[in-house]
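# This is a predicted model, with the sequence first.
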Amino acid sequence: MKTSSIRPLPAVAAAPVVYQIFLRSFTPEGTLRAASRMLGHIASLGVDVVYLCPVVEADRDAREEFWSPRQRRSGLHNPKNPYRLGDYFRIDPEYGTADDLKAFVRDAHRFGLRVLLDLVYLHCGPGASLVTEHPDWVRRNEDGTPKFNDYHFHELNFDSAGLREYLWNNMEHFVSEYDVDGYRCDVAGGVPLDFWEEGRRRIDALKPGVLMMIAESPGSLAEERSAFELCYGFEFNLALEKLVKQECPVADFRRVERDLRISTGGARLLRMFDNHDIANDAEDRRAETVAAPGATDAALALIFWIDGVPMLYNGQEVADGNRHSLWADREHGHNNVIDWQNALTPSGRRRMEFLRELIRLRRLVPALAEGSFSELTLPDEELYAFSRTGGGRKLTAIFNFTPNVRRAESGIAVCSVLNGQKFEVISPETGLLELKPYGFILFE
């Protein structure tokens, strides 16, 4: 693959671990103030970046023809979709106040955590003030009616200089007024690249050398260099979930991973095994509840050892398997929250210690955070293997995502084992290993 430089991560987060908070499921209250009380816990894991799903005011329009298909299927009859905005500057009262967000960011910084907000600039709701106040800020059909996208939301019109200035001011506002540390940009690939480039230039001028931006888009190396440090890597998440749930062979996962590397042109990817979209779908989607014992640990180890930046979804550290919902709030079936009592169970305690060790190892071994990646081919093609090289060290990772015992003949001498579960080193000299179902190993 042709290589080129990509935008470096800020020096203050050279080896970041991201933690996603979806406020509606994070605490029973579903507020910023309640989430602030959990920041010490998040920091104790070793995480250093917190990413909040949208906290600005959602559109309250109750006409279902302007709801997304998933919103209607939820059956909760909640018009407020966090990703269908009504006001880009006002904090949604459901989550608290402007002062609550400022306090959240201050508390996060006190714990050494950086805060990213979610920007939703592709579309808005029909009740958004800009729709009526600035008709040219949304795209229109020939007859003058608003143009809708696949979500049934109003498409924003980036041909309008006024809209661009409004949204650039919005990006600057949360950096200057709330001291946030960057953004995750929803469906970033649907927004013109030159818009992101100018927005990035403006916010960098306010807070030089420390901001970070994530594009939810397959993206390209050009986008990565000019505006974003990270691409969201959702395709990887979906493929890994299918692999763990035995819905696809490792060959399919390997193909998705290879295709993603090609399509992103070598961009740095955010690696995850759950997120607000996955957790908020059908009841049987969450791998935490349907995967075989140990399979989730293997998936989590993979996102920390493969190249890119790992992201944890809220509650993952206590092995929470409750269904969450994008549309469940205090007024609409708000019973889909994290079961924090699970932290007191053996499975919850094991998960937290396991993740702390993965994060600790990533901090101690530069090859895992910054090293090069090379996929390895083993005689048993049902095993997934790769090497990470950097800082004068070469590491090998091998995963068995099947329910069967398998032998790994790597031909690489096992000098020292750094981490792993359900494995046996049969011959250190030749690298002959036995991996139990969902076993995995990282060795030097």
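Structure's in. What do you need? Numbers count the residues shown, from 1 in each chain.

# Got the phi and psi for the closest residue to residue 58 other than its chain neighbours?
Closest residue to residue 58 apart from its sequence neighbours, by Cβ to Cβ, 6 or more residues apart in numbering: residue 80 at 4.1 Å. No exception for glycine: its C-beta is placed from N, CA and C like everyone else's. Main-chain torsions, residue 80, degrees, to the nearest 10: phi -90, psi 100.

# ok, now the one 4 residues further on?
Backbone geometry at residue 84, expressed as degrees, to the nearest 10, gives phi -130, psi 100.

# what sits against it?
58-59, 66-68, 120, 123-125, 151, 153 (Cβ atoms under 8 Å, 6 or more residues apart in numbering).

# Pull the contacting residues for the residue nearest to residue 58.
Contacts of residue 80 (Cβ under 8 Å, 6+ apart): 58-60, 92, 94, 327, 329.

# residue boundaries of the helices in the stretch 201-350 of the chain?
Counting by DSSP state H, counting those that start in this stretch, the segments of the stretch 201-350 of the chain that form helices are 221-226, 234-244, 250-263, 276-279, 287-290, 295-305, 346-364.

# Pick the most buried one from those.
For the helices of the stretch 201-350 of the chain, the largest average neighbour count (mean count of other Cβ atoms under 10 Å) is found in helix 295-305, namely a mean of 24.

# I'd like to know which elements that helix is packed against.
The contact analysis (3 or more Cβ pairs under 8 Å, 6 or more residues apart in numbering; DSSP states H and E) places helix 295-305 against helix 234-244, strand 270-272, helix 287-290, strand 309-313, helix 346-364, strand 393-400, strand 417-427, strand 432-443.

# Out of the ones you listed, which gets nearest to residue 16?
Across the helices and strands packed on helix 295-305, residue 16 has its closest neighbour in strand 309-313 (5.5 Å, Cβ to Cβ).

# Within the sheet, what are the partner strands of that closest one, with directions?
Strand pairing for strand 309-313, using DSSP bridges, gives strand 18-21 (parallel), strand 270-272 (parallel).

# Go through these and find the least confident stretch.
Ranked by mean pLDDT, the strands paired with strand 309-313 end with strand 270-272 in last place, scoring a mean of 95.

# hang on, the earlier thing: what would the strands paired with strand 309-313 look like in a markdown table with mean neighbour count?
Converted to a markdown table, these look like this (neighbours: other Cβ atoms under 10 Å):
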| stretch | mean neighbour count |
| --- | --- |
| strand 18-21 | 24 |
| strand 270-272 | 25 |
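
# Would you mind giving those as a markdown table with distance to residue 207 added?
Converted to a markdown table, the strands paired with strand 309-313 look like this (distance: least, Cβ to Cβ, whole Å):
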| stretch | distance to residue 207 |
| --- | --- |
| strand 18-21 | 18 |
| strand 270-272 | 21 |
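
# out of these, nearest to residue 255?
Checking the strands paired with strand 309-313 against residue 255 by Cβ to Cβ gives strand 270-272 as the closest, at 17.2 Å.
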